[in-house]
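build me a model from this:
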Amino acid sequence: MPRPILLSWSSGKDSAWTLHCLRQDPSVLVVGLVTTVNATFDRVAMHGTRRAILEAQANALGLPLHVVPLPWPCTNAEYESAMRQALIAAARDGVTGMAFGDLFLADVRDYRVQLLAGTGIEPMFPIWGDDTTALAHQMIDAGLRAVVTAVDPRQVPADLAGQAFDQDFLARLPTGADPCGENGEFHTCVLAGPMFSAPLSLQPGEVVTRDGFVFADFLLAEGQ
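The predicted model follows:
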């Protein structure tokens, strides 16, 4: 019997690709998505993805979405308390693992391991160590489609916010920028790919600068 596991879902490409990889592993069964949402704005922090889009993604993935609401502003202690409560509840329901789409930041991985310690849920990192240049091209070549919802203008051009995550986007990244945005250069929202039963249709909204980052808003198109 495959192990029931959860997937940490940011709404972005790395989470989606992690799901794609996990679904090819017969030893595990992804039974749900876990997303932390800023309760004040009803969006994924940093990615800025609206909750309505999150729910549409979960529907297209055929998985239940477990939203962990966070206050704004949110301290580390508040984040950790909310997450641990959600994880302990999941463990009681039989979940034995939780997967993350982290690629190479050791401090982030260590933080995840510490957060899950004592919950009964094992942290998993299916795409850890993958070459990010090859991975970015592999995602696009496999049909993954995403839009760039946030950029750090100190690392990449501000006008990349709102653009498609595609080969042209990768070509515009400055030397030194990670093609998967692992250093926080950019964040994405996935619309389609081999992990989706049907693509999502989004319409662009306004682009704003807030807290030193440039955010491109997107809304579900009518009929989605």
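
give me the pLDDT for His47.
You'll see His47 listed with a pLDDT of 86.

ok, Gln224 next?
68.

now Pro73
87.

which segments of the chain make up each domain?
Per automatic domain parsing, the domain ranges recorded for the chain read 3-124, 133-220.

which secondary structure state does the closest residue to Leu63 other than its chain neighbours sit in?
Excluding the flanking residues, the one nearest Leu63 by Cβ to Cβ, 6 or more residues apart in numbering is Leu33, at 5.3 Å. In this view, the C-beta of every residue, glycine as well, is placed from N, C-alpha and C. Here Leu33 takes the strand state, with states given by DSSP: H, G, I helix; E, B strand; the rest coil.

isn't Leu33 right up against Ala58?
Yes. Counting by Cβ atoms under 8 Å, Leu33 does reach Ala58; the two are 5.7 Å apart.

so what sits against both of these two?
Trp9, Pro64, Leu65 (Cβ atoms under 8 Å, 6 or more residues apart in numbering).

list the contacts for the last one?
Put plainly, it is Leu65. So Leu65 contacts Trp9, Gly32, Leu33, Thr35, Leu54, Glu55, Gln57, Ala58 (Cβ under 8 Å, 6+ apart).

quick one: which of those is nearest Leu87?
Nearest to Leu87 among these is Gly32, at 11.8 Å by Cβ to Cβ.

ok, that closest one touching Leu61?
No. With contact defined as Cβ under 8 Å, Gly32 does not count as touching Leu61 (10.1 Å).

out of these two, which sits in the busier spot?
Between Gly32 and Leu61, Leu61 has the larger neighbour count (other Cβ atoms under 10 Å), namely 22 against 18.

name the single longest helix found in this protein.
helix 76-92 (DSSP state H).

which strands and helices sit next to the helix or strand following it?
Scanning forward in sequence from helix 76-92 by DSSP states H and E, the next helix or strand is strand 97-99. Packing partners of strand 97-99 (3 or more Cβ pairs under 8 Å, 6 or more residues apart in numbering; DSSP states H and E): strand 3-8, strand 28-38, strand 122-124.
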